[in-house]
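# Structural data only, the sequence is not supplied:
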């Protein structure tokens, strides 16, 4: 039995517990490991479409903001993919007389999930000293001293987001009701209300709950958005609740067409149909860890007749192996006249068959690669406890890829075993703010590897300091051993991955940009990071500066995360919480033609609670000599058939 399947005491489970009731809405607090956290959730059913709710939430002239009703709200910066807001708010009652207003400078992101759910994310950011002085924000404690006017705000830090879900069985624009849910994480309420302040408990008790007064003010936005939408249905609505649609029509139109202007990454438009997640239709929408059972129920629901036929066809080609055999799927030939290619094994697949057999053309045994025993295999400096390979027997299989009939029905199928084997991972500190594309030149684990061919994925994450997260995958067969593709790909003995890999190696950079995509997934982490990263396949070159370096021994894909402010924001959150995250990454070459489908994973790995202090320093004083490993001549197609 899986460890995750074992029952644990109810008090130790991560769950939402009732916190209090305010303004007609229930407020929940997240509890993890038996302790209350600083995350709060409130949700409400709104009688209006998700588009109407989104307009009311983003309208600059509305009666609320993403942090509730504000004394002042100002857009400080607005660029494609990034908007910075300054929001100042004040609690009511005695708290307003005793405490200065709170002010947050937040960055807002907007995206639309595949299941039609709008997601609005926000998180506090640091501002320059000049901006801080200009806005009058102070960092000193509460009180009348320090020569500061009492009306000057105190800086607070928050993060969180909204989800706007449609009703099941409706398209987004037709849904008569929406579920609006907000999660708020209070990182620092500022001044005396900072939980780390030595007088926090005394001041909060003496003031009669000043912390909760500010908290309720921030969560009040859900109720106000509901009022704006529902009262706008009537012929005469209160003037204070009207909003100007022209000012937010562009944002709503962009998200309604799946082209969210501020999505953290632009997803490739696969068009695959994904079952709506029950996360979006329950009050407890925000916690995937608590909804595993609901997800299983969704997977058991009946699909349409056309989809069922496609699934049956896919299963006929992808039958699971028996225990102890290779990969997750067996090899079947396509039925004559079906027009669908059978799923064979690419000659580039890593040699991981039982008994040490090496796969050749059409699954025949080929000669193993020559091994240079005189030189030991180079070691990776990052401890292996921080990463592991997935989509291998006995490990998780979280990813889906385009199936053999994707061009006809848009169906995705569970991905099998990767073609390239994970050799290791390095986290390299460049020693400053500079990036290091083609970092493989300085890594012995790449240049001195005994593998004939490697695929290196280099993600350059801005700091300070800048870190290069380098993932190395290896193959026991060099792509050049495939030879040249035949004129008629439909009559070729090549597998779909062979065509894609040949195009990737021998094509130009524009073609490589259109082929390479990454599938991210946060297996364990906070709701905010899960929503920011998402699970949709991403053509990285569409949003990030990407360089390709093709050599005789390896190909390196170098991605500069700092080239996009939105991507930099998302990776900044991931970097800040790396020690508590479990991140899955799948690398795929996208199939565009029938002979390039079904897709397979090029490589897949899981990064587990990475300690960035384990990064090694970059030594770029000289390049590491390249070690070339020759493979035996591949078996020809004619010999294979004889």
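It's in. This is a predicted model, so every value here is computed, not measured.

# what residue lies at the spatial centre of this protein?
With distances taken as CA atoms, centre = their mean, residue 533 lies nearest the centre of the chain, 2.4 Å away.

# ok, residue 565 to residue 93 distance?
As defined by CB to CB, to the nearest Å, residue 565 lies at a distance of 39 Å from residue 93. Every C-beta, even on glycine, is put in place using the N, C-alpha and C of the backbone.

# For residue 218, which residues are in contact?
Residue 218 sits next to 67-68, 89, 158, 184 when contact means CB atoms under 8 Å, 6 or more residues apart in numbering.

# For it, report the pLDDT, please.
pLDDT, residue 218: 91.

# can I assume it sits in a strand?
No: per DSSP: H, G, I helix; E, B strand; the rest coil, residue 218 lies outside any strand segment and is helix.

# Flag the shaky bits of this protein, pLDDT-wise.
Counting by pLDDT under 70, the chain has low-confidence residues at 1-14, 33-34, 80-81, 127-151, 172, 236-345, 347, 350-374, 631-642.

# just the helices in the stretch 451-600 of the chain please.
496-506, 509-515, 527-533, 565-576 (DSSP state H, counting those that start in this stretch).

# for those, which one sits closest to residue 32?
Among those, helix 527-533 comes nearest to residue 32, with 11.9 Å by CB to CB.

# and the closest one, what other elements does it pack with?
strand 118-124, strand 157-166, strand 178-188, strand 516-524, helix 565-576 (3 or more CB pairs under 8 Å, 6 or more residues apart in numbering; DSSP states H and E).

# Would you point to the one among these that's packed deepest?
Highest mean neighbour count among the helices and strands packed on helix 527-533 (mean count of other CB atoms under 10 Å): strand 157-166, with a mean of 25.

# partners of that strand in the sheet?
Strand pairing for strand 157-166, using DSSP bridges, gives strand 118-124 (antiparallel), strand 178-188 (antiparallel).

# Make CSV from those strands and add distance to residue 623 to it.
Listed next are the strands paired with strand 157-166 as CSV, based on distance: least, CB to CB, whole Å:
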stretch, distance to residue 623
strand 118-124, 40
strand 178-188, 44
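
# nearest to residue 499, of those?
strand 118-124 (36.1 Å).

# chain center to the closest one, what's the gap?
Chain-centre distance of strand 118-124: 14 Å, with CA atoms, centre = their mean, to the nearest Å.

# If I take that strand and helix 565-576, what angle do their directions form?
If you take axes from the mean of the first three to the mean of the last three CA atoms, to 10 degrees, strand 118-124 sits at 70 degrees to helix 565-576.

# can you give me the helices in the stretch 151-300 of the chain?
With helices called from DSSP H, counting those that start in this stretch, the stretch 151-300 of the chain shows them at 200-206, 210-219, 221-231, 249-256, 292-300.

# Who does residue 426 form a beta bridge with?
Applying DSSP bridges, one finds that residue 426 bridges with residue 470.

# Surely it and residue 472 touch.
Yes: assessed by CB atoms under 8 Å, residue 426 is found in contact with residue 472 at 7.5 Å.

# who's more crowded, these two?
Taking neighbours as other CB atoms under 10 Å, residue 426 and residue 472 compare with residue 472 leading, 27 against 22.

# Run through the residues that contact that one.
By CB under 8 Å, 6+ apart, the contact list for residue 472 reads 380, 422-426, 445-446, 449, 454-456.

# Name the nearest residue to it, ignoring sequence neighbours.
If the residues on either side of it in the chain are set aside, residue 472 comes closest to residue 423, at 4.6 Å by CB to CB, 6 or more residues apart in numbering.

# ok, that neighbour - contacts?
By CB under 8 Å, 6+ apart, the neighbours of residue 423 are 380, 445, 449, 451, 454, 472-474.

# So which of these sit within strands?
Under the assignment DSSP state E, these contribute 454, 472-474 to strands.

# And the residues you listed, which is closest to residue 63?
The nearest one, if we look at those relative to residue 63 and count by CB to CB, is residue 473, at 53.2 Å.

# thinking again about what came up before, so which of the strands paired with strand 157-166 is nearest residue 411?
For residue 411, the closest of these is strand 118-124, at 25.2 Å, according to CB to CB.

# Other residues contacting the closest one?
By CB under 8 Å, 6+ apart, strand 118-124 touches 50, 53-54, 57-58, 66-67, 85, 104-113, 156-164, 187, 255, 528, 531-532, 569, 573.

# Could you do stretch 494-502 as well?
341, 343-349, 419, 479, 482, 485-486, 489, 492, 515, 589-591, 593, 595-600, 602.

# can you map out the strands along the stretch 51-200 of the chain?
Using DSSP state E, counting those that start in this stretch, the strands found in the stretch 51-200 of the chain span residues 72-79, 82-89, 102-112, 118-124, 154-155, 157-166, 178-188.

# could those strands go into CSV alongside distance to residue 45?
What follows is the strands of the stretch 51-200 of the chain, written out as CSV (distance: least, CB to CB, whole Å):
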stretch, distance to residue 45
strand 72-79, 26
strand 82-89, 25
strand 102-112, 20
strand 118-124, 15
strand 154-155, 35
strand 157-166, 10
strand 178-188, 6
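
# what's the closest of those to residue 544?
strand 82-89 (14.2 Å).

# Name the strands paired with the closest one and say parallel or antiparallel.
strand 72-79 (antiparallel), strand 102-112 (antiparallel).

# The last one to helix 210-219, inter-axis angle?
In this structure, strand 102-112 runs at an angle of 40 degrees to helix 210-219, with the same axes, to 10 degrees as the basis.

# what are the bridge partners for residue 388, then?
Bridge pairing for residue 388 - DSSP bridges - gives residue 606.

# Dump the strands paired with strand 82-89 to a markdown table, plus mean neighbour count and distance to residue 508.
A markdown table is the format used below for those (neighbours: other CB atoms under 10 Å; distance: least, CB to CB, whole Å):
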| stretch | mean neighbour count | distance to residue 508 |
| --- | --- | --- |
| strand 72-79 | 13 | 30 |
| strand 102-112 | 23 | 31 |
